[in-house]
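[1] have a look at this fold, sequence not included:
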């Protein structure tokens, strides 16, 4: 899930797992990292992009990279894209784990993988996965014909012989000055979300200025949520490219189901969510549903109207902004950027704006400034009486950041309707330094009125 590189820190060696489809590469990644990162499904071709995670192996922090299956027969015509990503991973890796299936024996596709790795043979550890039974012994001997000796028998599912695999990795990994390398948390995490084929992966590639993600006109190319760490202006940034979210009735099988759930999880763990819309088509119900996911966690949101180069010639940005305000009223506070991943237009502004929103979300203000804003708001409009009782707010204090959270001391929380709380949030955004981020309000009953100098309202 975290394919991490950081130019400022000591180099993090990459370990790439390669092999034909369905030999257990994703299961091995999950087992070595002791976490469920890659989607594991007995369907050839589940992993398409390079999916990686930072983890500690052989007392080193490494980037363990899962690759797509070599020789995949992809129903959506992405075979060449997948293999290009595999070749890139092989070229960058300090060590390679060549995985075959001990149960099925040597196949022509295994021979094809062996050929791809020939120039990197000094960096290859050869393993036969699914070797839980002695009945696979004859298959393992047959694999020696591939030119890498007899493979190490392992079982990723049962964690058999993984310690020995890790020892062999340690012998291949380059020595570093500081062992183990411990990268600090990133300074900014940005999740790109949207419906299938909105251009998220193309935006990632444009941000990175490299072809890190597979991009295609085929909807749903990215199956996993993929984290990519890089440095920009001396700061570590993680961009999370998520699987495109589909209409529920079009979610096909467990692969799409888990990919969609991970997209939702990516939103929750990001500092800023980038909602990517296809500006060449109308905003639909699914876009509004994804927008709802983005605001549920009260995280800052940037609306990116991508493919702006494909818009009708007579469509102006101001007109589209007004349109978005009507169809996405819950994101009225969110800034909008008009981009083209194809040409690079305005793409760099996404990170600049994300930094600004993160700073807003982490801002703290003094109690005096907050209560002056509260007094101005309550003078402008008071809550409607409920059953003959009037809600009173005595004072407020900021109790959290990210999102900015304010505790309001009141006479009775039940006297404050949702529409009045929305009014207060909007007034706070107008008068306090939170104009583009979500605000959270909490109400707490106070048994007795404060002294006069606390300014009961």
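    Cool, got the structure. The model shown is predicted, which means the values in this text are computed figures rather than measured ones. Residues are numbered from 1 along each chain as shown.
[2] list the contacts for residue 442?
    With contact taken as C-beta atoms under 8 Å, 6 or more residues apart in numbering, residue 442 is in contact with 399, 405-408. Every residue, glycine included, has its C-beta placed from N, CA and C.
[3] sort out which of these are buried, if you could.
    Among the contacts of residue 442, those classed as buried by 16 or more other C-beta atoms under 10 Å are 405-408.
[4] ok, which pair from those residues is furthest apart?
    Every pair in the buried ones among the contacts of residue 442 was compared (C-beta to C-beta); the two farthest apart turn out to be 405 and 408, at 10.6 Å.
[5] now for the two: what residues contact both?
    By C-beta under 8 Å, 6+ apart, residue 405 and residue 408 have these common neighbours: 441-442.
[6] that older thread, kindly reformat the contacts of residue 442 as TSV and extend each row with secondary structure, pLDDT and distance to residue 281.
    TSV is the format used below for those (DSSP: H, G, I helix; E, B strand; the rest coil; pLDDT from 0 to 100; distance: C-beta to C-beta, whole Å):
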residue	secondary structure	pLDDT	distance to residue 281
399	strand	97	42
405	strand	97	37
406	strand	98	38
407	strand	97	43
408	strand	97	42
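[7] ok, so of these, who is nearest residue 226?
    residue 405 (31.1 Å).
[8] can you tell me the closest non-neighbouring residue to the closest one?
    Spatial nearest neighbour of residue 405, excluding adjacent residues (C-beta to C-beta, 6 or more residues apart in numbering): residue 440 at 4.3 Å.
[9] residue 408 is in contact with the one you found, correct?
    No. Residue 440 lies out of contact with residue 408 (C-beta atoms under 8 Å); the separation is 11.0 Å.
[10] low-confidence ranges, the stretch 51-200 of the chain, go.
    51-52, 68-82, 85, 134-138, 140, 176-183 (pLDDT under 70).
[11] would you map the helices across it?
    With helices called from DSSP state H, counting those that start in this stretch, the stretch 51-200 of the chain shows them at 79-92, 108-116, 137-142, 162-172, 200-208.
[12] which residues does residue 105 contact?
    139, 142-143.
[13] which of those count as buried?
    Using 16+ other C-beta under 10 Å as the burial test, those include 139, 143 as buried.
[14] out of the contacts of residue 105, who's nearest residue 414?
    residue 139 (69.8 Å).
[15] excluding chain neighbours, what is closest to that closest one?
    Leaving aside its sequence neighbours, residue 139 sits nearest to residue 105 (C-beta to C-beta, 6+ apart; 4.1 Å).
[16] now stretch 272-280: buried residues?
    272-279.
[17] what is the neighbour count of residue 329?
    Residues near residue 329, counting by other C-beta atoms under 10 Å, number 10.
[18] name the helix or strand for residue 229, please.
    strand 226-232 (DSSP states H and E).
[19] now that strand: average pLDDT?
    The predicted model assigns strand 226-232 a mean pLDDT of 76.
[20] chain center to it: distance?
    10 Å (C-alpha atoms, centre = their mean, to the nearest Å).
[21] switch to numbering from 188
    Right, with 188 as the first residue, what we last looked at is strand 413-419.
[22] so what are the sheet partners of it and their directions?
    As defined by DSSP bridges, the strand partners of strand 413-419 come to strand 189-191 (parallel), strand 422-428 (antiparallel).
[23] compare those strands and say which comes out lowest on pLDDT.
    strand 189-191 (a mean of 39).
[24] just the helices in the stretch 538-644 of the chain please.
    For the stretch 538-644 of the chain, applying DSSP H, counting those that start in this stretch gives helices covering 554-567, 605-618.
[25] how far away from the center of its chain is the first one?
    Right, helix 554-567. Here helix 554-567 is found 38 Å from its chain centre; the criterion is C-alpha atoms, centre = their mean.
[26] still on that earlier bit, what sits against the residue nearest to residue 592?
    Residue 627 neighbours (C-beta under 8 Å, 6+ apart): 485, 587, 590-593.
[27] and which of those is nearest to residue 518?
    Nearest to residue 518 out of the contacts of residue 627 is residue 485 (C-beta to C-beta; 12.3 Å).
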